[in-house]
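Colleague: 3D, please:
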Amino acid sequence: MVLRFEREPVPGFVQTPGGFTTDAVELLTPSGNVQRVPYSEVKAVCFVRDFEEGDGWQRNRAYAARPKTPGLWVKLTFQDGDTTEGVIANNLLLMEPAGFQVILPDPTLAGLRVFVPKEALKEIVVLGVVGISAKKRPPKVTVDADGQLGLF
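Modeller: Okay, the predicted model is just below:
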């Protein structure tokens, strides 16, 4: 489902990755027509289970606590002033030139994962890195004047 700024959402099926061109989202509507929606009109592409549930988009949502999903915890600010938090992959090979795949705080609202075009965003800020623990250094071994290892 394609959510648009100040317009009705467009239900349809997007072929990934071929449906995301350099300037538009190409989707197959339930009636069988191919429709191209330019990125300038697209707020987000929601991967939903059912079109009948509605878009379920809520403005200004955030995590209640630090997310558990590994990745970059980000805050997205859209062109219309709406904000949401989400998690994107911490892997540069998964970055797409046209936008970002984002996991939203509440997957029951607009689908588990959404695609947000770069044109729809005013700002994206990294709030934290989740899932990367600091590596523990091995204890430092000391040797005294006699050549003995200091154990304690």
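Colleague: tell me the bridge partners for the most centrally placed residue in the chain.
Modeller: Residue closest to the average C-alpha location in the chain (Cα atoms, centre = their mean): Val102, at 1.3 Å. Going by DSSP bridges, Val102 is paired in beta bridges with Val114.
Colleague: now it: how far from Val10?
Modeller: As for Val102, its distance to Val10 is 19 Å (criterion: Cβ to Cβ, to the nearest Å). Every C-beta, even on glycine, is put in place using the N, C-alpha and C of the backbone.
Colleague: same check on Val42?
Modeller: For Val42, the distance to Val10 - Cβ to Cβ - is 9 Å.
Colleague: and these two? which has more neighbours close in?
Modeller: Val42 (22 against 17; other Cβ atoms under 10 Å).
Colleague: which residue packs closest to the more buried one, ignoring adjacent ones?
Modeller: With sequence-adjacent residues excluded and distances taken as Cβ to Cβ, 6 or more residues apart in numbering, Val42 is closest to Pro117, at 5.3 Å.
Colleague: wait, what's in contact with the one you found?
Modeller: Val25, Tyr39, Val42, Ala98, Gly99 (Cβ atoms under 8 Å, 6 or more residues apart in numbering).
Colleague: could the residues you listed be laid out in CSV, adding distance to Ala64, pLDDT and secondary structure?
Modeller: As requested, the contacts of Pro117 are arranged in CSV below (distance: Cβ to Cβ, whole Å; pLDDT from 0 to 100; DSSP: H, G, I helix; E, B strand; the rest coil):
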residue, distance to Ala64, pLDDT, secondary structure
Val25, 31, 91, strand
Tyr39, 31, 92, coil
Val42, 28, 93, strand
Ala98, 31, 87, coil
Gly99, 26, 90, strand
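Colleague: give the residues shared as contacts by Val42 and Val10.
Modeller: In contact with both Val42 and Val10: Val2, Arg4, using Cβ under 8 Å, 6+ apart.
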